[in-house]
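Colleague: Got a sequence here, can you model it:
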Amino acid sequence: MLFAPLRYWRVHHPTKTLWDFVFPVLGSVVLTALLLLSPKIVSPFAEKGYLAGLQNLYAILGGFFVAALTLLSTAETRALSQPLSGSPAPRFGKERGALERRRFLCLLFGYLAFSAFALYAIGLIAQLIAPGLATWLGPTPRWVAKAVFLLGYNAWLSHIFITTMVGLYYFTDRLQRPEPMKERGPIQPAE
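Modeller: Alright, predicted model coming up:
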């Protein structure tokens, strides 16, 4: 029940692999390399470091995602009731047929809200325990632990960024397009 927002991962479509895995991993590698290899960047775990700088962003994003989820759940519009387009059609789990836009967007923004709150908590906990771990670990294990943590954290952060862009694309473009005209057949002469 608490992890219901993670049902987003049960949506299947070939292009979704790009935004769920490929792009977040690339973003994570780039961000982590910048944080670990740049001599001028403050420690990510410092009071005014990378993790602390993201904490306010997560609070704002969490509220935005919950507001978007509320809007999607209550809006009465035909555009949200249409199935997602694509070949093959995106589907949810083992269900047959195309996934409706409303359900997909609710899964997406529910997952994003969960992710924003989870990364807020993970960042806070990491800031609290990092100084204690630093005293127990030597320089090399400390660097490896920092790199592994940042790779995972940045992958999730990159995934939030990319899936937010997908959600905004649906809000700003796909839901605003007019529906295609249905075939009416030949025009009948007036009698």
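
Colleague: residue boundaries of the helices in the protein?
Modeller: Ranges of helices within the chain are 16-17, 23-37, 50-74, 78-81, 101-136, 139-172, based on DSSP state H.

Colleague: Just the pLDDT at the residue nearest to the spatial centre of the chain, thanks.
Modeller: Geometric centre of the chain, nearest residue: residue 160, 3.0 Å, by C-alpha atoms, centre = their mean. Looking at residue 160, its pLDDT is 96.

Colleague: I figured it was touching residue 113, is that so?
Modeller: No - counting by C-beta atoms under 8 Å, residue 160 sits too far from residue 113 to count as a contact (10.2 Å). C-beta coordinates here come from the backbone N, C-alpha and C atoms, glycine included.

Colleague: sorry, back to before: adding distance to residue 7, write the helices of the chain out as TSV.
Modeller: Output for the helices of the chain, formatted as TSV (distance: least, C-beta to C-beta, whole Å):
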stretch	distance to residue 7
helix 16-17	14
helix 23-37	19
helix 50-74	13
helix 78-81	18
helix 101-136	6
helix 139-172	14
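
Colleague: now for these, which one comes closest to residue 6?
Modeller: Distance to residue 6, taken as C-beta to C-beta, is lowest for helix 101-136 among the helices of the chain, at 6.6 Å.

Colleague: quick one: buried residues of the closest one?
Modeller: Using 16 or more other C-beta atoms under 10 Å as the test for burial, helix 101-136 gives 101-120, 122-123, 126-127, 130.

Colleague: swap in stretch 151-160?
Modeller: Counting neighbours by 16+ other C-beta under 10 Å, stretch 151-160 gives 151, 153-155, 157-160 as buried.

Colleague: Please apply the same query to stretch 86-95.
Modeller: Neighbour counts using 16+ other C-beta under 10 Å place 90-92 of stretch 86-95 among the buried residues.

Colleague: From the contact counts, what lies against the least confident helix or strand in the chain by mean pLDDT?
Modeller: Averaged element by element with mean pLDDT, DSSP states H and E, the chain has its least confident helix or strand at helix 78-81 (a mean of 81). Applying 3 or more C-beta pairs under 8 Å, 6 or more residues apart in numbering; DSSP states H and E, one finds that helix 78-81 contacts helix 101-136.

Colleague: avg pLDDT for the helix it packs on?
Modeller: Rounded mean pLDDT across helix 101-136 is 91.

Colleague: Okay, angle between it and helix 50-74 too, please.
Modeller: 160 degrees (axes from the mean of the first three to the mean of the last three C-alpha atoms, to 10 degrees).

Colleague: Now do helix 101-136 against helix 139-172, angle only.
Modeller: 160 degrees.
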